[in-house]
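**Q** Give me the fold of what follows.
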Amino acid sequence: MTRLCAATLASLPATVRRPAYDRASLRPGIVHLGLGAFARGHLAEYTEDALEKRFGAWGIVGASLQRPDQRDRLKPQDGLYTLLKLAPAGPELRVIGSVLDVLVAPEGPSALVARIASPDTRIVSLTVTEKGYCHDPATGRLRADHPDILHDLENPEAPRSAVGILVAGLRLRRAEGRGPFTVLCCDNLPSNGHVLRGLVRDFAALMDDKLAAWIEAEGAFPATMVDRIVPATTEADIAEVAKLTGLDDAAPVIGEPFRQWAIEDTFVEGRPDWHDVGAQMVSEVAPFEFMKLRMLNGAHSSLAYLGYLAGHETVSEASGDPVFARFLAGLWDEIIPTVPAPQGVVLADYARDLLVRFQNPAIRHRTWQIAMDGSQKLPQRLLGTIRERLRAGGGIDHLALGVAAWMRYVTGIDEKGGAIEVRDPLAAELKRRAEAAGRDAAALSASLLGIGAIFGTDLPGEERFTKPVAAHLAALFDKGAKATAASLG
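**A** Below is the predicted model:
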């Protein structure tokens with residue numbers, strides 16, 4: 001089958017939307033670190049819309065920080081790929097043209113730093129996942145002892161961490177007498193812009209106090225809240241896109257129709273007209289971010305662990321199960337009192353909309369995918385809510401079950417005795433503790449609660465938390481995820 005590329009665009013069916021601007025004239029203005037499916041289904045589509053509305057030098061150069069896979073898929077396609085939006089009423093297809101090139105950091109770190117430092121680059125955006133920031137999730141501070149940070153301090157011309165790459169680009173801009181670019185974090189980190197500013201400043205200070213002061217005074221790190229369900233692309237998805245378009249696309253992106261992007265409007269060298277294509281440019285992102293982190297991400301993680309244990313492969317299957325739909329309703333009842341409503345938002349309506357999105361049968365968002373990196377996600381998605389509920393004297397039964405389900409999941413053995421591939425930066429430590437405790441729920445919960453990087457020093461000593469977690473974990477071992485969730489009513 002013929003490959004999607006610039007030369008074959010004209011052969012697409014009329015039902016497939018394609019770039020409505022002169023792509024040959026497009027010049028790069030954004031470098032994006034971590035060009036995965038989410039960035040291509042969110043940032044790149046918003047940018048595509050902005051280019052169609054008002055053309056400018058806002059093409060995207062992606063950067064893969066670890067492997068060449070994405071470059072190898074997109075390069076033969078001239079950076080083009082298909083966005084397949086799956087709605088219950090039927091699919092919508094669109095070819096995205098805003099991505100112009102993909103660099104591979106390990107193959108040429110100096111080339112990536114040069115592109116970032118280029119006068120053409122006005123925004124450097126990131127989706128590198130929580131673990132990509134080399135920080136302590138419990139404190140939000142840079143881990144100066146992280147192997148990648150140690151490497152970058154010793155090899156400043158060939159950095160491999162996202163933070164090291166940003167500082168290398170900023171250092172070169174300053175040395176050449178130019179101002180900084182805007183750093184736009186699009187990952188699910190609380191106060192992501194503020195946190196990233198601190199990480200960049202702290203890393204820079206380990207090299208040069210004057211550079212750190214310049215970044216602090218001149219740099220822009222707007223916070224953002226991003227939202228769109230973008231499942232990992234499967235071979236079946238690739239085959240379906242080929243069937244619908246008549247062209248072979250090695251890098252399609254699958255997503256839901258819904259999207260949301262709230263951005264603090266603080267940019268040092270301009271930005272695309274994202275505000276004209278649905279992005280919310282706000283003075284403070286925190287209320288939107290906080291709502292999404294606790295209500296969507298907290299529910300997603302809890303449902304992923306319980307759903308996976310119960311044998312549900314996808315979020316739509318798990319949330320469509322009446323037992324887990326009731327669990328989600330109870331979970332949101334515990335979460336909502338801790339969430340100040342953003343302007344114009346009714347939180348009960350937001351929760352209902354989330355359930356509709358979760359239950360969209362066209363979206364195959366795998367529970368295993370969401371379950372990845374739980375040690376990094378739990379502190380932001382569930383534990384902050386739990387602390388607040390405890391301070392207010394509120395119940396945490398559903399929240400505690402979410403934590404217990406994570407503990408049961410990281411044992412690496414599912415309810416049928418099969419192996420779970422636990423993907424987590426602390427996977428080896430989690431495995432060691434799980435094997436030592438076996439199926440002793442009290443021993444396992446106590447051991448895992450002792451990981452300070454996840455639970456801090458307060459929660460392990462709080463019986464209102466530790467007792468329900470241990471009780472739920474025992475029930476998960478004894479009765480399974482579905483029966484345990486059902487017992488909450």
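
**Q** For the stretch 201-350 of the chain, just list every one of the strands.
**A** For the stretch 201-350 of the chain, applying DSSP state E, counting those that start in this stretch gives strands covering 224-227, 253-255, 260-264, 280-282.

**Q** so which of the ones you listed comes closest to Ala111?
**A** strand 253-255 (25.4 Å; C-beta to C-beta). In short, each C-beta sits where N, CA and C put it, glycine included.

**Q** Go ahead and name everything in contact with the closest one.
**A** With contacts defined as C-beta atoms under 8 Å, 6 or more residues apart in numbering, strand 253-255 is touched by 37, 40-42, 81-86, 96, 228-231, 233, 237, 363-364.

**Q** if you average pLDDT over that strand, what comes out?
**A** Here strand 253-255 scores 96 as its mean pLDDT.

**Q** Run me through the strand neighbours of that strand, direction for each.
**A** Here strand 253-255 is paired, per DSSP bridges, with strand 81-87 (parallel).

**Q** Compare the strands of the stretch 201-350 of the chain and give me the one nearest Ala441.
**A** strand 224-227 (35.0 Å).

**Q** and that closest one, which strands flank it?
**A** Take DSSP bridges as the rule and strand 224-227 pairs in its sheet with strand 260-264 (antiparallel).

**Q** Go through the partner strand and flag the buried ones.
**A** Of all the residues in strand 260-264, those buried under the rule 16 or more other C-beta atoms under 10 Å are Trp261, Ala262, Ile263, Glu264.

**Q** Which residues does the last one form beta bridges with?
**A** When you say that, I think you mean Glu264. Val282.

**Q** Could you pull up the residues touching it?
**A** Contacts here follow C-beta under 8 Å, 6+ apart; on that basis Glu264 touches Gly193, Pro222, Ala223, Thr224, Met281, Val282, Ser283, Glu284, Val285.

**Q** and it, how far is that from Tyr305?
**A** 32 Å (C-beta to C-beta, to the nearest Å).

**Q** do the same with Val345
**A** Separation of Val345 from Tyr305 (C-beta to C-beta): 27 Å.

**Q** of the two, who's got more company?
**A** Ranked by neighbour count (other C-beta atoms under 10 Å), Val345 and Tyr305 place Tyr305 first, with 26 against 14.

**Q** Quick one: neighbours of the closest residue to that one other than its chain neighbours, just the number.
**A** Spatially, and ignoring its direct neighbours in sequence, Tyr305 is nearest to Ala405 (3.6 Å; C-beta to C-beta, 6 or more residues apart in numbering). By other C-beta under 10 Å, 28 other residues sit near Ala405.

**Q** Make sure Ala405 is actually in contact with Phe324.
**A** No: in this structure, Ala405 is not within contact of Phe324 by C-beta atoms under 8 Å, at 10.9 Å.

**Q** which neighbours do these two share?
**A** Joint contacts of Ala405 and Phe324 (C-beta under 8 Å, 6+ apart) are Leu306.

**Q** separation between the nearest residue to Val104 once chain neighbours are set aside and Ala105?
**A** Closest residue in space to Val104, ignoring its immediate chain neighbours: Pro68 at 4.6 Å, by C-beta to C-beta, 6+ apart. Between Pro68 and Ala105 the distance is 10 Å, computed by C-beta to C-beta.

**Q** Same drill for those two, tell me which one is more crowded.
**A** More neighbours surround Ala105 than the other of Pro68 and Ala105, with 24 against 15 (other C-beta under 10 Å).

**Q** mind listing what the more buried one touches?
**A** Ala105 touches Ala63, Ser64, Leu65, Gln66, Leu112, Arg160, Ile165, counting by C-beta under 8 Å, 6+ apart.

**Q** Save these as a markdown table, and put in distance to Arg174, secondary structure and pLDDT too.
**A** Formatted as a markdown table, the contacts of Ala105 follow (distance: C-beta to C-beta, whole Å; DSSP: H, G, I helix; E, B strand; the rest coil; pLDDT from 0 to 100):
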| residue | distance to Arg174 | secondary structure | pLDDT |
| --- | --- | --- | --- |
| Ala63 | 21 | strand | 98 |
| Ser64 | 26 | strand | 97 |
| Leu65 | 23 | coil | 96 |
| Gln66 | 27 | coil | 94 |
| Leu112 | 18 | helix | 98 |
| Arg160 | 21 | coil | 96 |
| Ile165 | 15 | helix | 98 |
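
**Q** List the beta-bridge partners for Leu83.
**A** So, taking DSSP bridges as the rule, Leu83 has Arg94, Val253 as bridge partners.

**Q** where does the stretch 51-200 of the chain have low pLDDT?
**A** For the stretch 51-200 of the chain, applying pLDDT under 70 flags no range at all.

**Q** Can you list the residue ranges for strands in it?
**A** Using DSSP E, counting those that start in this stretch, the strands of the stretch 51-200 of the chain run over residues 59-64, 81-87, 90-96, 99-104, 123-126, 135-136, 141-142, 182-185.

**Q** Hmm, Glu176 is touching Ser118, no?
**A** No: in this structure, Glu176 is not within contact of Ser118 by C-beta under 8 Å, at 10.0 Å.

**Q** Counting neighbours, go ahead and name the busier of the two.
**A** Applying other C-beta under 10 Å to Glu176 and Ser118 shows that Ser118 carries more neighbours, namely 18 against 9.

**Q** Quick one: the helices in the stretch 301-450 of the chain, in order.
**A** Listed in chain order, the helices of the stretch 301-450 of the chain (DSSP state H, counting those that start in this stretch) span 315-320, 322-335, 347-358, 367-370, 374-378, 384-392, 397-409, 427-437, 441-449.

**Q** quick one, which of those helices is nearest to Arg464?
**A** For Arg464, the closest of the helices of the stretch 301-450 of the chain is helix 384-392, at 5.7 Å, according to C-beta to C-beta.

**Q** rewinding a little: neighbour-wise, which of the contacts of Ala105 leads?
**A** Ala63 (27 neighbours).

**Q** Tell me how far that one lies from Leu35.
**A** Distance from Ala63 to Leu35, by C-beta to C-beta: 7 Å.

**Q** thinking again about what came up before, could the buried residues of strand 260-264 be laid out in JSON lines, adding pLDDT and distance to Ile336?
**A** As requested, the buried residues of strand 260-264 are exported to JSON lines (pLDDT from 0 to 100; distance: C-beta to C-beta, whole Å):
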{"residue": "Trp261", "pLDDT": "95", "distance to Ile336": "23"}
{"residue": "Ala262", "pLDDT": "93", "distance to Ile336": "19"}
{"residue": "Ile263", "pLDDT": "95", "distance to Ile336": "25"}
{"residue": "Glu264", "pLDDT": "95", "distance to Ile336": "25"}
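
**Q** now, which of those residues sits nearest Trp332?
**A** Nearest to Trp332 out of those is Ala262 (C-beta to C-beta; 20.4 Å).

**Q** how much space between the closest one and Val230?
**A** Counting by C-beta to C-beta, the gap from Ala262 to Val230 is 17 Å.

**Q** Can you check which residues contact both of Ala63 and Leu35?
**A** Val102.

**Q** show me the contacts for Val104.
**A** Listed by C-beta under 8 Å, 6+ apart, the contact set of Val104 reads Ala63, Ser64, Arg67, Pro68, Arg71.
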